[in-house]
Each structure stands twice: as structure tokens, then as C-alpha cells.
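Peer 1: Output the structure for:
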Amino acid sequence: MNILGISFGRKNSNCDIVCKEALFGCREADPNAEIRFVNTINMNIGRCRGCGACSTALEKGKDNVCIFKDDFQALEDEVRWADAIIVSAPVYTLTPTGQFKDFVDRFSCRHDVSAINWVLDKRRSGEMPGDPDDFPMERLRKRTVGFISVGGASTDNWTSFGTPLLQTFAMSAMMKVMGNYNANSMGTIGNPYLDDQLIENMHELGRRTVKGLNDDSVEFFEPSNKPKGVCPFCHQRLITILPGTTKVECPVCGIEGQLSIVDGAIEVDFPEAQVARARGTFAGLREHTVEIQGFGAICGPKIMANKEKLDTLMKERIREFDKAIGNP
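Peer 2: Predicted structure coming up:
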């Protein structure tokens, strides 16, 4: 087994410590595994520019390497090598550090399981040229992942979007998430090695991330000293209330549930049919693929019918904005 640890924090600081301790847990679960660790702090990973080159390459069945040359490809190659992954990232302002998001935006479009299968289905049916067997099938590789969000605040709602946004790394590639751990309170703990329970939790997260790859009976890791999740798929505690109803959505998974109050406590029931279409499942990803593949049929005629109007507005108000707004 190939196991990868990725830290988006400072070298040899808290993110590195918890990630590496989780990797020690991985080693306990598989003494023969090959284990690598990457710290990204000095890597140059620019943001996605929405150029569409990777999507175009994917439709042509090419191994869609990003056309912008920086350190992104080196990190993506490490991920593609791995079977099990541990990711740690610091939270500076409610969410994981921006470098993580930049990586995910560029990674996801190359590893969307539904989009890849859409291309393969089109090839098999003859609607798209190319041999379905001549395709980088490694992009459909089964992987597990464990997430660790690291923050200083003792009040955990100052890190409330840490693990939910880490989850976005797993969605498109349908990685099986084995645990979301919010390692907050670092400002008072001082160092992870001063909290024995934290270190043991990291080991357990690592063990389950490895064991869960080939054993579906391994349960998602929710430690007893942390609040339990609400969503049965992503295990996050966030819900979006639909105004005027008792319906709620998981903002991470996009599934709908029913809120009720039992003995003074809030309970949320997510039907099995909803869980089956969560983001991170093939059904959930395919819904999105079908939606975006239909954009052209909707917007194309609309844009062509208004071409003269749009050309005029783009020229007078956008390309010549300073003149239009009255700037000297």
C-alpha cells in the first residue's frame, strides 16, 4: 500500500506533527506500506484560472495535465501515487489556508469520477471518438483519506469551516473519508505532544484510514472527546435551514433532511435515498455532470440571440470601464 501525508502548515510545526503522528498510525495498520510525507509551505501552487483546458483534454481522453507550470503537478503526482492519504491544514480565518483551496480547485476537475465515466460512456456508445480502453484509468483509483484541521482557538466555532472545506478534496475523486478531526485549542495546548489523547486520536485516524481501504466494516472515526456529526455521510455538524419549513440541507453533501425537536433536543433525519445522492457518491456527482453538460444548450441560443446587445455592452461598459464610469 502507498500512503501519503500532506501538511499545508509550517515545517515541523503543529500541522506537521499531527500529520506525521497519523502516519505512524498508518504504519501500525500496515507495517509493509510505503509512506511518503510532503510539506507544501514552500511550494508554488497558483489558483485555478478557469481556462477549461483540463476539461477539454479530458473530453478528448488525454491525461489532462494542468497547462500552468508551477508546483501543482508535483503534488498531484504524489496524490495519484497514493492509496491512503492524510491531510492536515491550518485554519487562520475560519477556513483551511488558501493554498489548500488553490490545490483542490485545480485537482478536482482532473479527477471527477462522474465526468471521466461520462467520457468513457460516450466513447463506448460511439458518440465520442477514441478507444475507451486507451484512457488514464488511474484517475478512478479507490482511495481513503483522513482530514485534520489545526487551529489555535479554544472556541471551536472559530475553526468551524476547517474540516468541512477539507472534505472538498475528497468529493470529485470519490475518496472514502475515514475521519474529520478538528485539532483546535493549539493556543492553549501549546504543542500536540502535550496532549496524549490528541496523539492517540491521530494514530487511530491513521489506522482507520488504512484499514478502511479494503474493509467497508471499518467505521468513520469520531473520537469520544469531540462532538458527533449530524450528517450521516460527511459527519459534519453544519446544517442549512430552509426558511419557512422544517427541512434542512447538509451544506457539504447537498442532501436534504427533516428537522425535529425531541425532548428539547434537535434531531435531523436524512432519508437513505438522500444519503445515496450525497456529493462524494457517484449519483451525486452524476447529477452535477448532467446539470453542467446542459449549460451549452440553454445558454448558447440565448447568447447568440443577444449577440449584438452583449457585444455593445461588453465594449462600452466592461472593456472601456474607466471611460464609462467617468474616471479621468
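Peer 1: Contact partners for the closest residue to Val210 other than its chain neighbours?
Peer 2: Closest residue in space to Val210, ignoring its immediate chain neighbours: Ala29 at 3.8 Å, by CB to CB, 6 or more residues apart in numbering. C-betas here are computed from N, CA, C, even on glycine. Going by CB atoms under 8 Å, 6 or more residues apart in numbering, Ala29 touches 206-208, 210-211.
Peer 1: mind checking the longest strand of this protein?
Peer 2: In the chain, with assignment by DSSP state E, the single longest strand is strand 84-93.
Peer 1: Point out the other helices and strands that that strand packs with.
Peer 2: strand 2-7, helix 14-29, strand 144-150, helix 162-166, helix 196-211 (3 or more CB pairs under 8 Å, 6 or more residues apart in numbering; DSSP states H and E).
Peer 1: Burial-wise, tell me which of those comes out on top.
Peer 2: With neighbours defined as mean count of other CB atoms under 10 Å, the helices and strands packed on strand 84-93 peak in mean count at strand 144-150, which reaches a mean of 27.
Peer 1: by contact count, what packs against it?
Peer 2: Using 3+ CB pairs under 8 Å, 6+ apart: strand 144-150 touches helix 14-29, strand 84-93, helix 162-166, helix 168-171, strand 176-183, helix 196-211.
Peer 1: between the ones you listed, which one is nearest to Gln99?
Peer 2: strand 84-93 (8.3 Å; CB to CB).
Peer 1: And stretch 105-124, what's buried?
Peer 2: 106-116, 118-120, 122-123 (16 or more other CB atoms under 10 Å).
Peer 1: What's the end-to-end length of it?
Peer 2: Stretch 105-124 has an end-to-end distance of 29 Å (CA to CA, to the nearest Å).
Peer 1: tell me how far that stretch is from the chain's mean position?
Peer 2: 16 Å (CA atoms, centre = their mean, to the nearest Å).
Peer 1: Over to stretch 200-220?
Peer 2: On CA atoms, centre = their mean, the centre of stretch 200-220 falls 19 Å from that of its chain.
Peer 1: cool, stretch 319-328 as well?
Peer 2: 40 Å.
Peer 1: same for the lowest-mean-pLDDT helix or strand in the chain, what does it pack against?
Peer 2: Every helix and strand of the chain was ranked by mean pLDDT, DSSP states H and E. The lowest is helix 53-59, at a mean of 78. Applying 3+ CB pairs under 8 Å, 6+ apart, one finds that helix 53-59 contacts helix 113-125.
Peer 1: Look at Lys309 and tell me its secondary structure.
Peer 2: Secondary structure assignment for Lys309 (DSSP: H, G, I helix; E, B strand; the rest coil): helix.
Peer 1: Distance check, it against Arg317.
Peer 2: 12 Å (CB to CB, to the nearest Å).
Peer 1: and those two? which has more neighbours close in?
Peer 2: Arg317 (12 against 9; other CB atoms under 10 Å).
Peer 1: what about the residue nearest to the more buried one when sequence neighbours are not counted, helix or strand, and which?
Peer 2: Residue nearest to Arg317 in three dimensions, not counting chain neighbours: Ala324, with 5.1 Å by CB to CB, 6+ apart. Here Ala324, judged by DSSP states H and E, is contained in helix 321-325.
Peer 1: Ok, Ala297 next?
Peer 2: helix 295-305.
Peer 1: Contacts for that helix, please.
Peer 2: Leu310.
Peer 1: list the buried ones in it?
Peer 2: Within helix 295-305, judged by 16+ other CB under 10 Å, no residue is buried.
Peer 1: same thing with stretch 28-47?
Peer 2: Of the residues in stretch 28-47, those buried (16+ other CB under 10 Å) are 29-30, 35, 39-40, 45.
Peer 1: Take whichever helix or strand comes after the least confident helix or strand of the chain, keep the C-alpha atoms, and write them as PDB.
Peer 2: The C-terminal neighbour of helix 53-59 among helices and strands, as given by DSSP H and E, is helix 72-81. Extracted in PDB, the C-alpha atoms of helix 72-81 (Å, rounded to 0.1, in the frame of the first residue of the first chain):
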ATOM      1  CA  PHE A  72       0.900  21.800  -8.600                       C
ATOM      2  CA  GLN A  73       1.800  18.900 -10.800                       C
ATOM      3  CA  ALA A  74       4.400  17.600  -8.300                       C
ATOM      4  CA  LEU A  75       1.800  17.400  -5.600                       C
ATOM      5  CA  GLU A  76      -0.900  16.000  -7.800                       C
ATOM      6  CA  ASP A  77       1.500  13.200  -8.900                       C
ATOM      7  CA  GLU A  78       2.000  12.300  -5.200                       C
ATOM      8  CA  VAL A  79      -1.700  12.100  -4.700                       C
ATOM      9  CA  ARG A  80      -2.100   9.900  -7.800                       C
ATOM     10  CA  TRP A  81       0.600   7.600  -6.400                       C
END
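Peer 1: Return the distance of helix 72-81 from the chain's centre.
Peer 2: 15 Å.
Peer 1: what's the average pLDDT for it?
Peer 2: Average pLDDT, helix 72-81: 94.
Peer 1: For it, enumerate the helices and strands it packs against.
Peer 2: strand 2-7, strand 34-39, helix 98-108.
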